[in-house]
Structure formats: structure tokens, C-alpha cells
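Enquirer: structure, please.
(chains A and B)
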There are 2 protein chains.
Amino acid sequence: MPVTNRQWLLARRPSGTVCADDFRFTEAPVPAPGEEEVLVRTVMLSCDPTQRGWMARDTYLPAVKLGEVMRSFGIGRVVASRHPDFQEGQLVQGMLGWQDYALARPADAALRPVPPGIRPEQALGVFGVTGLTAYFGLLEVGRPAAGEAVVVSAAAGATGSVVGQIAKLKGCRTVGIAGGAEKCRRLTAAYGYDVAIDYKAEDVGARLAEACPGGVDVYFDNVGGEILDAVLARLALRGRVVLCGGISQYDATGPVPGPRNYLNLVSRRGRMEGFLVLDYLHRAPEAVREMARWVGQGLLKTDVDVQRGLENAPAVLARLFRGENQGKQLLAVAELEDAG
Amino acid sequence: MPVTNRQWLLARRPSGTVCADDFRFTEAPVPAPGEEEVLVRTVMLSCDPTQRGWMARDTYLPAVKLGEVMRSFGIGRVVASRHPDFQEGQLVQGMLGWQDYALARPADAALRPVPPGIRPEQALGVFGVTGLTAYFGLLEVGRPAAGEAVVVSAAAGATGSVVGQIAKLKGCRTVGIAGGAEKCRRLTAAYGYDVAIDYKAEDVGARLAEACPGGVDVYFDNVGGEILDAVLARLALRGRVVLCGGISQYDATGPVPGPRNYLNLVSRRGRMEGFLVLDYLHRAPEAVREMARWVGQGLLKTDVDVQRGLENAPAVLARLFRGENQGKQLLAVAELEDAG
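Expert: Numbers count the residues shown, from 1 in each chain, chains lettered A, B, ... in the order given. Presented below is the predicted three-dimensional model:
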């Protein structure tokens, strides 16, 4: 058994973009599992915008406490188990945290086995929280009909790229918004968007008016801010805004203005609705089944951006907020074969 | 036949609170109906916050053009008809405008007979657009369940007072927000609200937290602004915000901040949805039937504030934006018996 467990503890509440100073890198002994507990060797960690919220304040989950291990989804290998449902050697996913070894009560950490035949980067990406967010947010909250105009922000991101492709598979016209020429090239070339809008170089409102002459039927919003306002101004009758997040606002240090065009929801009879994928996890099998079929047929492409080394966790998380990630941002902590 | 038709024409787009200078009071000859047209003597006009929107810009209806008669719902008596469905002497409601006589094609003016036994102030109030807005907005968009906490802003207003009473009749706990001690007294004494909050004298957020310890399940929003933000901060899980209007913002001369707490819709899985009563007019009979029963049983009380004289139309409309109206604001233009 190894004896050292490297951990990133939350040192302070973030202000502006997350950085290494928000955390403290420490070492602790690797614990032994007590009754009903499982010890998991972390293999790969998921980096998600929502983690900044967990650092900052109570949201849908209580904030991470100062001095606690930073919370993170991840995948790992069971190295010791005193829980009847988990066996040594098993690959599992759940809330492992930024550490080499997680000691967990399975229910508290939402621990569940990774289904056989699924690679860790798929389990954390398209078949994990990221893909399920896209699937249920678009289909259950947005409810697009064939022929409708679906607009996605952060459209080249891990969630957005899946949203755009599912919308296309459901017969919608898709418009992706992303920052920079290279991302916009991928929107049309890799993810099949009908139109790509570069918010760093183009007038989003004017391009939206051109791309969606009948207005925006469904907007899957990952960013908030001015882009949300630009879409609200061009909402179609009975348009739906799926609120997934507001990454443009997470780094704000002061109060952030809300969407000033929200009253268009009245004249357009529109709906703006938030959701959390946590509410849909019990329906994961149906989504994974359908998405696995699309992946198998080459109809759903996903990109992963795997960085390495637990010691780099803060810097890798920060990539999300600077838009540097090329697809789903992951952090490899140990090789699959080495794990355990 | 009288020969003079007094009319208020829109003279300019409003800036700040509406005032007489936004209009021009003129006289024109009373026209004779052409084929398929009806001439209506205006009896009573409805004053509604949405009229400011019609003056300012294209919304769900095109803006009133400069030089055109100011648009208004109203009730009148048919004095001449060349349309087979309308007879001289009949009492009708529709878009009559700020004028003594309206020459209308029935379809364009949404002209329909006032059902027998209904007084003009009821037809324009509880059984008209005002009451239907309350009924369908609350029940179809808000969908409150018995036992839920329903919060209403402009709660002593024509629409708000009906919303609060219907919510109570459906078994909800009701919290009304209004400005001033006298209005708040009426909230509990006349309209049966469980709790009244005076936004001019009290900390709305603190009072909401106290009145709705489990959060706000349904918020019927007539005002927008800071009160909307205070409610969003205290939304219950799966809470619903019914966007009816934003009267606090209609008079703004510059850009108005949006609801900065809108991202709470994500963590609370909330929904914010706009609606227009126009979409429900075809279902008016079912609502009028149910509300007429409540009125007959003394379970639904309504107040009307009748001012007099077409020459006072701008000043009477402005009462709404200063919160001076005591119930549904109406403007009597002619006596029922005199009409025609």
C-alpha cells in the first residue's frame, strides 16, 4: 500500500478567475477504510465550471468548506473495500475530490460502477454529467421540435458541442456561438452547426437576426451576460431559454447585471428555465443508451482535452474560464493500469 | 346625430411617466360607418399599464403611430351598424381608443357584445382583460398547488387583488406586496392575503424570508425591479415566476438592469415565464363562469376606481404609474343611458 495521499485543500473563497493561491497542496497519510467505506485511487478528474460555484458559496450543494479537499467528480479504481457492493479492482465514478486517494461512503460520494466497455474519458464526458447535462437540458427543458432554430453558447465546449449535435440529430437548425476563429471552424466542421458566430469578432445580435429570421426557438445558455441579452431580444414566439450556467459571470468580483431584456419573455410568451443534471441522474441509462448508439454510428463526436498531474489541478480548472480547453477538460491523475 | 368626435392623438413617444404633453386633444367630425363597419359611442375606457408600452414601441402589438388615436380597451354602445352581427343599441367591448366615437371593423377592433347582466365596470375589470390576466396567468402559467406559498406584487392592484384571492380560493398561502400602509391594510382586510408587505417601509427580502420559510413557490410579478430580485433570491425548489409585467420599469428613461439573481433559477430548478392574456381570450367563458360564481358567492371582491371625462384621459392613465388608483382604473366617458 502507498502511504502518501496528495490533496488540494480549499484555502480561500475565489475572487476573479480561480488560481493556485485559492488552494493549498498538502500530503496526508492514505487512510484505511472503516466499516461500509471504500478507498478509491483517483485515475481521472472532471473539470467543470460549476466547481467555481462550489468554491464560492452554497448553491445546490453546500459550499466546500475552507480547509476541505476540493470537491470534484472523478473516476478511480477501488483499492480497498469494506462495503458489500464494491470490490477491490472495480472502476468507479463519483465525487472523489482533488486527491490521490478518496475514502468514501458510497452513498455520500454518489459512487457507482463505470459500466464495462466505457473508457474513463467517455464516462466523465459524453456518458457522464457533461453529456447528460446536454441531453436532458436540451430535450427535457428546451423541448425542441424538428425545424426549430436552436442556439447554443459555449457551443464548442464539452456540453455545448453535444447539445448542438443532438439538436441537429433531432432535425433542428443549429447556431453555435463561440470565441475565436478556430473554435468557430470546429463548430461547423466537427459538430455540424449550420451557422457559427464568433462573439469575439462579430456582432452577435446582427448575426443572430440573420441566422434566425424567425427568431430563436430554443437557446441553451452556458454563459449568461450580453449573449443572453442578445438572444432574449430575438426570441421567437414561445421561445425557451434553457439556463445551464453563466460562465461569463462566475469570475465577476462585484454584482453582475441581470438580463435586461427579460421582459421580452412577456411579449414573446417565452420561458426561461433552470435545471440541474442531478435531477435526471436516475434516467441516465436511457440517455446513455441513445447517445451510445449515436457515438457508435459516428453521429455524435466528442473531444476531450486531457491534461496530466494532480499538482496541476488549479491551472487546469482555470483553463475553462479562459476558454482554453479543446473539448471536455479532464485531468489524468494516474494511469489506468497503475491505479491501485 | 352628434357631429363632434373628441380624440386624444399620440403626439410623441413617452419619456418618464406619461403626461398630457404626450398627446394632442383634437376634434374631428363623427364619421359614418362604411360597409362592414360599426360606429360605437364610447361609454367607459379601461386604463392599463400595458398602454405605456403601446405608446413607446412595438411589443406584442405594433406601437401606436404618432398622430393616431391612442389605443385603449373600452365599452360602448353601437350607434350605427353596417355589419350583420352588430345592431344599434347593443353594448360592445373592444379596442375603442381614446375618443367619443370609434369607427371600427369588428374583427380589427376585437369587438364583441357585452354579455347581458354584466355591468361595464365588471366587463372591463374582473370579467375582462384584468380578471382574465389574473386567472390564466396564475392558474395556467403559475400552476399553484394547494398549500404552496404564492407571492403577488402590485397586490392591491386590479390584477394583483384578483390573483391573491384566486390563489387563496385554491388553498394557497398568499403574500401580497404593495406600497403604503393603507394598501397593505386592504391586502389582508379586503383581499384575504395571509401576509402583507409594504415595500415602501419594510425590507422585502427579510419579510419574505419570514413569511415563506420554505421559499416562494409561485411569484406573480407585475413590477419587476428589486422586488423581482428579492423573490428570485428566495425561490423555492421548482418555483415559478409568472411574468405579467414590470411597471417599476416602464417609466425608466435609460436602460434598466435585469434581475441579477436570475441564476438562482438554475440552483432552484426554477421557471420564469411570460404570458399575454390575448392568448387565452378564446377560453374566456370558462374563466368568467368560475369567477362569476365566486363573485356571486361573495368570495371574490373587486374594487373599481372610476374617474370621469375623456378630457382627463392622460392624467387618469398616469395614476397607475404613481400607484394612486384604488382598484381597477376606469374612465367614464359617457353615461350608459346617454350613450348614443
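
Enquirer: excluding residues flanking it in the chain, which one is nearest A:Gly171?
Expert: A:Ala146 (3.1 Å; CB to CB, 6 or more residues apart in numbering or on different chains). C-betas here are computed from N, CA, C, even on glycine.

Enquirer: just the buried positions in stretch A:11-25, please.
Expert: A:Pro14, A:Val18, A:Ala20, A:Asp22, A:Phe23 (16 or more other CB atoms under 10 Å in any protein chain shown).

Enquirer: I'd like the residues you listed as JSON lines, with pLDDT and distance to chain B appended.
Expert: Shown next, in JSON lines, are the buried residues of stretch A:11-25 (pLDDT from 0 to 100; distance: CB to the nearest CB, whole Å):
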{"residue": "A:Pro14", "pLDDT": "94", "distance to chain B": "16"}
{"residue": "A:Val18", "pLDDT": "94", "distance to chain B": "18"}
{"residue": "A:Ala20", "pLDDT": "95", "distance to chain B": "26"}
{"residue": "A:Asp22", "pLDDT": "97", "distance to chain B": "21"}
{"residue": "A:Phe23", "pLDDT": "98", "distance to chain B": "23"}
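
Enquirer: in the residues you listed, find the pair that's most separated.
Expert: Distances among the buried residues of stretch A:11-25 were taken as CB to CB; the most separated pair is A:Pro14 and A:Ala20, at 11.3 Å.

Enquirer: who touches both of those two?
Expert: With contacts defined as CB atoms under 8 Å, 6 or more residues apart in numbering or on different chains, no residue is shared by A:Pro14 and A:Ala20.

Enquirer: SS state for A:Arg185?
Expert: helix (DSSP: H, G, I helix; E, B strand; the rest coil).

Enquirer: show the contacting residues for it.
Expert: Contacts for A:Arg185 (CB under 8 Å, 6+ apart) come out as A:Ala196.

Enquirer: relative to A:Gly160, how far out is it?
Expert: Relative to A:Gly160, A:Arg185 is positioned 15 Å away (CB to CB, to the nearest Å).

Enquirer: for A:Thr17, same thing?
Expert: Distance from A:Thr17 to A:Gly160, by CB to CB: 20 Å.

Enquirer: which ones are touching A:Met44?
Expert: Contact analysis of A:Met44 by CB under 8 Å, 6+ apart lists A:Gly74, A:Ile75, A:Gly76, A:Pro120, A:Glu121, A:Leu124, A:Val306, A:Leu330, A:Leu331, A:Ala332, A:Val333.

Enquirer: and if we set it to 7 Å?
Expert: Residues near A:Met44 by CB atoms under 7 Å, 6 or more residues apart in numbering or on different chains: A:Gly74, A:Ile75, A:Pro120, A:Glu121, A:Leu124, A:Leu330, A:Leu331, A:Ala332, A:Val333.

Enquirer: look up how far A:Leu317 lies from it.
Expert: 14 Å.

Enquirer: now do A:Val40
Expert: 20 Å.

Enquirer: more neighbours, those two?
Expert: Legend: neighbour count by other CB atoms under 10 Å in any protein chain shown for A:Val40 and A:Leu317, higher for A:Val40 (33 against 30).

Enquirer: quick check: beta-bridge partners of that one?
Expert: A:Val78, A:Ala102 (DSSP bridges).

Enquirer: what's A:Ala318 in contact with, if anything?
Expert: A:Thr17, A:Val18, A:Cys19.

Enquirer: switch to 6 Å and redo it
Expert: Applying CB atoms under 6 Å, 6 or more residues apart in numbering or on different chains to A:Ala318 gives the contacts A:Thr17, A:Val18.

Enquirer: pretty sure it sits in a helix.
Expert: Yes. Looking at A:Ala318 with three-state DSSP, it is inside a helix.

Enquirer: wait, A:Gly192 touches A:Lys168, no?
Expert: Yes. Using CB atoms under 6 Å, A:Gly192 makes contact with A:Lys168 at a distance of 4.9 Å.

Enquirer: helices and strands of chain A: which one bottoms out on pLDDT?
Expert: helix A:247-250 (a mean of 70; mean pLDDT, DSSP states H and E).

Enquirer: which residues of chain A lie near chain B?
Expert: For chain A, the residues in contact with chain B (CB under 6 Å from any CB of the partner chain) are A:59-60, A:243, A:246, A:255-260, A:262-263, A:265-267, A:269-275.

Enquirer: from the residues you listed, which land in helices?
Expert: Using DSSP state H, A:Leu265, A:Val266, A:Ser267 are the members of those that sit in helices.

Enquirer: so what are the domain limits for chain A?
Expert: Listed domain ranges for chain A are A:4-121+A:303-332, A:129-279+A:289-293 (source: automatic domain parsing).

Enquirer: and those, which is most packed in?
Expert: domain A:129-279+A:289-293 (a mean of 22; mean count of other CB atoms under 10 Å in any protein chain shown).

Enquirer: ends of it, how far apart?
Expert: 18 Å (CA to CA, to the nearest Å).

Enquirer: roughly how far is that domain from the heart of the chain?
Expert: Here domain A:129-279+A:289-293 shows a centroid-to-chain-centroid distance of 15 Å under the convention CA atoms, centre = their mean, to the nearest Å.

Enquirer: what do you get for stretch A:100-108?
Expert: That offset, for stretch A:100-108, works out to 21 Å (CA atoms, centre = their mean).

Enquirer: over to stretch A:19-26?
Expert: 22 Å.

Enquirer: which residues are in contact with it?
Expert: Applying CB under 6 Å, 6+ apart, the set of residues contacting stretch A:19-26 is A:Gln7, A:Trp8, A:Leu9, A:Ala11, A:Arg12, A:Pro14, A:Pro314.

Enquirer: least confident pick among these?
Expert: Ranked by pLDDT, these bottom out at A:Pro14, which scores 94.

Enquirer: spell out the secondary structure type for that residue.
Expert: Assignment for A:Pro14 (three-state DSSP): coil.

Enquirer: now the helices for the stretch 101-250 of chain A?
Expert: Counting by DSSP state H, counting those that start in this stretch, the stretch 101-250 of chain A has helices at residues A:120-124, A:129-136, A:158-169, A:181-189, A:204-211, A:225-232, A:247-250.

Enquirer: and those helices: which comes nearest B:Val129?
Expert: helix A:225-232 (25.2 Å).

Enquirer: now do the closest one: which elements does it pack against?
Expert: For helix A:225-232, the contact count by 3 or more CB pairs under 6 Å, 6 or more residues apart in numbering or on different chains; DSSP states H and E identifies helix A:204-211, strand A:216-221 as packing neighbours.

Enquirer: could you export that helix as PDB, CA atoms only?
Expert: Extracted as PDB, the C-alpha positions of helix A:225-232 are listed here (Å, rounded to 0.1, in the frame of the first residue of the first chain):
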ATOM      1  CA  GLY A 225     -24.300  38.100 -19.800                       C
ATOM      2  CA  GLU A 226     -24.500  40.100 -23.100                       C
ATOM      3  CA  ILE A 227     -25.100  37.000 -25.200                       C
ATOM      4  CA  LEU A 228     -28.200  36.000 -23.200                       C
ATOM      5  CA  ASP A 229     -29.500  39.500 -23.700                       C
ATOM      6  CA  ALA A 230     -28.800  39.400 -27.400                       C
ATOM      7  CA  VAL A 231     -30.800  36.200 -27.700                       C
ATOM      8  CA  LEU A 232     -33.700  37.400 -25.500                       C
END
